[in-house]
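sequence and predicted structure, then a few things I'm wondering about:
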Amino acid sequence: MISLFPVSTGGRLEKNNLLSIHPRFYEPLWLSLLNMAWVVEARDPYSGGHLWRVSQYCRLLSQALGLDRSEVARITLAGFLHDLGKVAIADMVLKKPTRLSESEYEMIKTHPSVGARIIDGHPLAPLVQSSILQHHERPDGAGYPYGLDEEGIDTGSRIVSICDAFDAMTSTRPYRQGMSIAKALKIIKFNLHTQFDGNFGHVFLELGRRGAFSSIIGHSYDGIPLQSCLLCGPTIALHKNQQSGDLVYCPNCGSESVVETLNHRWHITPTGKRGSVMARQTQIDTDLIQELIQSNAAHLLPV
């Protein structure tokens, strides 16, 4: 059978390494990883909220599968971290608004192994490294980077794979409108046992049919929809503590809008201006990241 980690294992130490982490360093270590993931997402103006959405789909599916709390927490965080390797993908490929060439697609296919190597040696790598490495593997062996067979793909990777694909299908990109939930679920159903784990996929389909994703799909935070730039579409991710009167900017074209909140509903109104280079710089949503850590990391502390 193909090795689970065909990458350097010099820094990969499992439970014994986790036991050596002092509790006061645990949250800062998670913060270092999640902040890194946020920086990767910020490079692509059309992926706002993707990591949060994938993490939330992972949480719901893990819970529905009856996994224990520590596994739910681990896979939720892995969902946020799965695309770390895209930091090494050139902007001209990552942001390309049209179909990728064969060579460009080959470049994209390197991101799982790059992501796994990036965190090799990090004390928390044993908890998420396999999900970063394997989230594009497939039960039929046609995935990448290693073409693992069904038995070689771990539980977290199977979950992240479904959730990542669903968000990709239902998100709007420059070259296409996001699919409806019904159409995306139909595609997942058609690809069960080939691209997606059959058992996990059936549970995901049931969650979708029950409307469990309504506060996640098309959102950048629970209940806060992605906001649309008049020129670029849904590119503007609001923070949960955004206030009326705040100015926000399209990460693609830099157009300025003002935030308005009423009865816990958010919307933006264009000002007709364009932000300065400094004003348009991406800000890490520290509240969202801290909430993810506080909701999940405590369940992963060694006992």
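Great, that's in hand.

could you verify that residue 228 is part of a strand?
Yes - assigned with DSSP: H, G, I helix; E, B strand; the rest coil, residue 228 falls within a strand.

so it touches residue 238, yeah?
No - with contact defined as C-beta atoms under 8 Å, residue 228 does not count as touching residue 238 (11.6 Å). No exception for glycine: its C-beta is placed from N, CA and C like everyone else's.

neighbour count: these two, which is higher?
Using other C-beta atoms under 10 Å as the criterion, residue 228 and residue 238 rank with residue 238 on top: 23 against 17.

all helices of the stretch 201-303 of the chain, in order?
For the stretch 201-303 of the chain, helices defined by DSSP state H, counting those that start in this stretch occupy the ranges 286-296.

ah, wrong one, I meant the stretch 51-200 of the chain
Along the stretch 51-200 of the chain, the segments classed as helices by DSSP H, counting those that start in this stretch run 69-81, 91-94, 102-108, 111-118, 125-134, 155-170, 181-190, 198-209.

against which helices or strands is the fourth one packed?
Contact here means 3 or more C-beta pairs under 8 Å, 6 or more residues apart in numbering; DSSP states H and E; on that basis helix 111-118 packs against helix 125-134.

the helix it packs on versus helix 69-81: what angle between them?
Helix 125-134 runs at 50 degrees relative to helix 69-81, counting by axes from the mean of the first three to the mean of the last three C-alpha atoms, to 10 degrees.

list the residues that contact the nearest residue to residue 114 once chain neighbours are set aside.
Nearest residue to residue 114, sequence neighbours excluded (C-beta to C-beta, 6 or more residues apart in numbering): residue 85, at 3.5 Å. For residue 85, the contact set (C-beta atoms under 8 Å, 6 or more residues apart in numbering) comprises 110-118, 132.

now do residue 85, the pLDDT please.
Looking at residue 85, its pLDDT stands at 95.

residue 10 too?
Per the predicted model, pLDDT is 33 at residue 10.

again, but for the one 10 residues further on
The per-residue pLDDT reported for residue 20 equals 70.

what's the closest of the helices of the stretch 51-200 of the chain to residue 217?
Among the helices of the stretch 51-200 of the chain, helix 155-170 comes nearest to residue 217, with 5.4 Å by C-beta to C-beta.

just give me how far the closest one sits from the chain centre.
9 Å (C-alpha atoms, centre = their mean, to the nearest Å).

skipping adjacent residues, who's closest to residue 232 in space?
residue 252 (4.4 Å).

just residue 209 next, same as before
For residue 209, the spatially nearest residue (C-beta to C-beta, 6+ apart) is residue 185, at 7.2 Å.

from residue 120, how far off is that neighbour?
For residue 185, the distance to residue 120 (C-beta to C-beta, to the nearest Å) stands at 36 Å.

who has more neighbours, the two?
Per other C-beta under 10 Å, whichever of residue 185 and residue 120 has more neighbours is residue 185, with 22 against 16.

ok, the more buried one touching residue 208?
Yes - the criterion here is C-beta under 8 Å, and residue 185 meets it with residue 208 at 4.7 Å.

residues shared between the contacts of these two?
residue 166.

which stretches of the stretch 201-303 of the chain have low pLDDT?
Counting by pLDDT under 70, the ranges of the stretch 201-303 of the chain that qualify are 302-303.

quick one, what contacts residue 223?
Counting by C-beta under 8 Å, 6+ apart, residue 223 touches 215, 264.

ok, now residue 76?
55-56, 58-59, 62, 292, 295-296.

and residue 108, what does it touch?
89, 93, 100 are the contacts of residue 108 under C-beta under 8 Å, 6+ apart.

now the second one: closest residue in space, sequence neighbours ignored.
Sequence neighbours aside, residue 104 is the residue nearest to residue 93 in space, at 4.8 Å (criterion: C-beta to C-beta, 6+ apart).
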